[in-house]
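1. This is a predicted model, with the sequence first.
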Amino acid sequence: MLRYFAHRIVQTGALLLIISVVVFTLVTQAPGGPSILLDRNMGPDDIARMRAILGLDRPLHVQYIRWLGQVVRGNLGISYQAGLPVLEIIGQMLPNTLLLSAAALALSLVVAIPAGVLSAARPYTALDHTVTFLCFFGISIPTFWFGLMLIVVFSIALGWLPPGGMRTIGGARSALDITRHLILPAVVLGAANMALFARYTRSSTMAVLRADYVRTARSKGLGERSVLYRHALRNALITIVTVVGLQLPRLVGGAAITETVFAWPGMGSLAVRAAFERDYPMIMGITLVISLVVAASSLLVDLIYGYIDPRIRYE
Amino acid sequence: MATLTRASATSSAAARARVRTPTERVLARFRRNRLAVAALLVLVLIHVAVLLAPWIAPHDPDRVELAKRLTAPNIEHWLGTDEFGRDVLSRLLVGGQVSLAVGLTSMIASMVLGILIGAAAGYAGGATDAVLMRITDGMLSVPLFFVALMALALLGATVLNLVLVIALSSWMTVARVVRAEVLRTRELEFVLAARALGCSPLRILARHVVPQSVPSITVAATLGVAFAVLLESSLSFLGLGVQPPAASWGNMLSGARGYLRTVPGLAVYPGLLIFMTVLCYNWFGDGLRDAIDPTLAER
């Protein structure tokens, strides 16, 4: 087990290194420089001096190694635009993105698993067809449009929920207030995954329901509920966990759009801004942290495998 | 002698009636799936309308008439006008050209890339396979939307870059499918026969092995268009896709954001079109898959 994780950590490290090289090259070689160098009040001399201060006059590989050296010492550099340490800004934004993603993931699982199990238990009934139909809607609906439509209905027409942001401006800081702001974005971000997870829960539960041990469980007189949730679902969960693991990178990407639609102060909106302003340290920091979060979550998924199915060994 | 001929004639007629080619069987199964057929019809309708946009659009889609800003749907402007007084219906039709063209081209590009990588990995095996599949897995574990978004912000949001970015972030599924098919077919007798006859590996791949995976590729292509249209609209919505004043469904929605309170209709139509297109491609692709491989139907 330890060897397995050591292996995984080495692999993750290698992947992060490759991503960072690719992104670094892309970022620094892209046409146009950081927007702070576009200040009209600066003459050519000032710009040259500024470039020297930022280290942008050095060859590419020197710049990269300097950056890497900083990162190893736990320093992601200073944001050109904000003038604050990148790590500090990300530290403020990351929890918001994690909160939104976790809420969306939890919501999608809470809805998808029972829906999938029920439609597997009664295949080809009206219920099953309805679930399948809704799943196609969930997979096909454009995230941002779904968000806009929910804002029109629930915020503008009905006035039940706030149309964006994370807290009521000037209001008291309370968990309830954040929850009210969280509902719409979490539904929007969760919708596509909800549909996908329900489809996979249905198919894997259906496959498991044909197994001999399910027949045994039924024949010894267990109730249908018990058969479904204790015996069938437990084994179907392996597939679901795999799909959840595969979807994690997309969940983080989807968060970027959802955050923009709902003005949620998170990594997504931060990334869009950093990219437009060519804030090199910020872009690199965000890429690194996001990749790290995704890698860590997929490691977590692997750990969950062993918990769900003790027969799984890590080698 | 005469009776014999008649007997063989009737039996061959009977055989002709009974035996159907695999393609016919796939089509027959597809026709029975009413949802998929309906989806195909809607898709044809959308594509024909969009293709004929220059002739059927009631107004010039880029003509600004500030006196007629944000009018409600009326006889002259069936779906009303936008914030610059441009006809919404005409913009939807013309904008669809860009959205669908980007969707289809990037799908084709990602198919080509996926087929090349998948076929190379499956046929070569060994180290080539290992390296190519590691790259594929690596790509799947990167938050690609994030990278796509930053790449477009950095490299400039042109239509070409958009197609490249979408293609580069969606070839992995096809590569895996093609690789699996190649691994399956590689050792079959007719491939061995071709090899024994001295065919070059390239010819074997192009003429014998890859055609075997055409059904799976077709399904992946259909679902790929859905994905590409969705991605294009998301990126355009964020201002990283097709640039105004040129219309695309994604950037029309982006423009409509500011008028959600006053004219919510502006945001409804383009979104509904994206939604319908993606939904129908998904339904169509799903029906196609069930028709091609009935054993998958119950999954």
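-> That came in fine, so what should we check first? Numbers count the residues shown, from 1 in each chain, chains lettered A, B, ... in the order given.

2. Which residue is it, in chain B, that comes closest to chain A?
-> At 2.7 Å from chain A, B:Phe145 is the closest residue in chain B, using Cβ to the nearest Cβ. All C-beta spots, glycine's among them, are computed from the backbone N, C-alpha and C.

3. Just give the nearest non-adjacent residue to that residue, would you?
-> A:Gly253 (2.7 Å; Cβ to Cβ, 6 or more residues apart in numbering or on different chains).

4. how far away is the one you found from A:Glu259?
-> Separation of A:Gly253 from A:Glu259 (Cβ to Cβ, to the nearest Å): 11 Å.

5. dump the residue contacts of A:Val227.
-> Contact analysis of A:Val227 by Cβ atoms under 8 Å, 6 or more residues apart in numbering or on different chains lists A:Val214, A:Ala217, A:Arg218.

6. can I assume it sits in a helix?
-> Yes: counting by DSSP: H, G, I helix; E, B strand; the rest coil, A:Val227 falls inside a helix.

7. Which pLDDT value belongs to it?
-> Note on A:Val227: pLDDT of 83.

8. Pull up the gap between it and A:Ile113, please.
-> 16 Å.

9. What residue in the stretch 51-200 of chain A comes nearest to chain B?
-> Scanning the stretch 51-200 of chain A for the residue nearest chain B gives A:Trp145, at 3.3 Å (criterion: Cβ to the nearest Cβ).

10. Quick one: residues contacting that residue.
-> The contact partners of A:Trp145, by Cβ under 8 Å, 6+ apart, come to B:Ser233, B:Leu253, B:Ala267, B:Pro270, B:Gly271, B:Ile274, B:Phe275.

11. want to throw those residues into CSV with pLDDT and neighbour count?
-> Formatted as CSV, the contacts of A:Trp145 follow (pLDDT from 0 to 100; neighbours: other Cβ atoms under 10 Å in any protein chain shown):
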residue, pLDDT, neighbour count
B:Ser233, 87, 33
B:Leu253, 84, 25
B:Ala267, 82, 24
B:Pro270, 87, 30
B:Gly271, 88, 25
B:Ile274, 90, 30
B:Phe275, 91, 21
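
12. B:Val191 against B:Val210, yeah?
-> No: with contact defined as Cβ atoms under 8 Å, B:Val191 does not count as touching B:Val210 (11.2 Å).

13. The helix or strand where B:Gly287 lies and chain A in contact?
-> Element membership for B:Gly287, per DSSP states H and E: helix B:265-292. Yes: residues of helix B:265-292 are located near chain A by Cβ under 8 Å from any Cβ of the partner chain, namely B:Ala267, B:Val268, B:Pro270, B:Gly271, B:Ile274, B:Phe275, B:Val278, B:Leu279, B:Asn282, B:Trp283, B:Asp286.

14. How many neighbouring residues does A:Gln92 have?
-> Number of residues near A:Gln92 (other Cβ atoms under 10 Å in any protein chain shown) recorded here: 12.

15. where's it relative to A:His231, distance?
-> Using Cβ to Cβ, one obtains 46 Å as the distance from A:Gln92 to A:His231.

16. re earlier: neighbouring contacts of the helix or strand harbouring the residue of chain B closest to chain A?
-> Using DSSP H and E, B:Phe145 maps to helix B:144-155. Helix B:144-155 is contacted from outside by A:23, A:26-27, A:30-32, A:249-250, A:252-254, A:256-257, A:268, A:271-272, A:274-276, A:278, A:283, A:286-287, A:290, B:161-162, B:165-166, B:169, B:231, B:234-235, B:238, B:240-241, using Cβ under 8 Å, 6+ apart.

17. Buried subset of these, written for ChimeraX?
-> Selection of buried members from these for ChimeraX, criterion 16 or more other Cβ atoms under 10 Å in any protein chain shown:
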select /A:23,26,27,30,249,250,252,253,254,256,257,268,271,272,274,275,278,283,286,287,290 /B:161,162,165,166,169,231,234,235,238,240,241
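
18. What about the contacts of helix B:144-155, which are in helices?
-> Mapping the contacts of helix B:144-155 onto helices (DSSP state H) picks out A:23, A:26-27, A:249-250, A:252-254, A:256-257, A:268, A:271-272, A:274-276, A:283, A:286-287, A:290, B:161-162, B:165-166, B:231, B:234-235.

19. Could you pull out the helices in the chain for me?
-> No chain was given, so I picked chain A. Using DSSP H, helices in chain A cover A:2-29, A:44-54, A:60-72, A:86-121, A:126-140, A:143-150, A:175-209, A:212-219, A:224-226, A:233-261, A:267-276, A:280-308.

20. Chain B is the one I meant
-> Per DSSP H, chain B carries helices over the ranges B:2-18, B:22-32, B:34-51, B:53-56, B:88-124, B:126-140, B:144-155, B:159-168, B:172-186, B:189-196, B:201-203, B:214-237, B:249-256, B:265-292.
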